[in-house]
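Q: when you get a sec, could you give me coordinates for this:
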Amino acid sequence: IISSSKSPMPRNYDAVVNAEAMCTMRSETEAKYIADHWMNDWKQMVELLSSNVEDLAATLHNLLVQMSQQGRDDPKQDAQAAGSALFGRDGPNWSTLNLPTRNAWEETLESKYLSHLVKQNESVQELYSKWSGAAEDGKFVAELKESA
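A: You can find the predicted model right below:
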């Protein structure tokens, strides 16, 4: 695995780490730090959703498909009312996040996508059927299960 290789890897995220925070990313390789956090978050999501890794992968894939099909994510009304510099004439600019814009971004994603993740999400069996036809072990599902 590249995160445990002996050669030094470039540090891409030093500039975004708050030096005054308790973040330990600077004390280890970035790849290992990010991978460890990703695996921990993945495990917690499986537990929170009372699921398994394959079904979580299918659910998150479906979430990303839904997000990518949207033209843009207009902020929630209360976030917009906060008067942040986030909002220009062409809509929100999510590319630079300070604390107020990050909060608006999180509120928008939560209200538009995440709150529906469990409540109105298609069943995993419906997703498997949609993605692989009638066969539950279709090519896409097999690849998804293999990678998870």
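Q: what ranges do the strands span in the chain?
A: Counting by DSSP state E, one finds strands in the chain at the ranges 87-88, 91-92.
Q: where among the ones you listed is average confidence lowest?
A: Here the lowest mean pLDDT among the strands of the chain goes to strand 87-88, at a mean of 61.
Q: phi and psi next, for residue 74.
A: Dihedral pair for residue 74: phi -70, psi 140, per degrees, to the nearest 10.
Q: residue 111 is in contact with that one, correct?
A: No. Contact criterion CB atoms under 8 Å: residue 74 and residue 111 do not qualify, at 10.8 Å. From N, CA and C alone the C-beta is placed, and that goes for glycine too.
Q: show me where pLDDT drops low in the chain?
A: 1-7, 76-97, 118-122, 133-148 (pLDDT under 70).
Q: ok, 90 please
A: 1-32, 45, 48-148 (pLDDT under 90).
Q: give the contact list for the closest residue to residue 67 other than its chain neighbours.
A: Spatially, and ignoring its direct neighbours in sequence, residue 67 is nearest to residue 113 (5.9 Å; CB to CB, 6 or more residues apart in numbering). By CB atoms under 8 Å, 6 or more residues apart in numbering, the contact set of residue 113 is 63, 66, 67.
Q: could you pull up the residues touching residue 23?
A: Residue 23 neighbours (CB under 8 Å, 6+ apart): residue 17.
Q: phi, psi for it please.
A: With angles defined as degrees, to the nearest 10, residue 23 sits at phi -60, psi 130.
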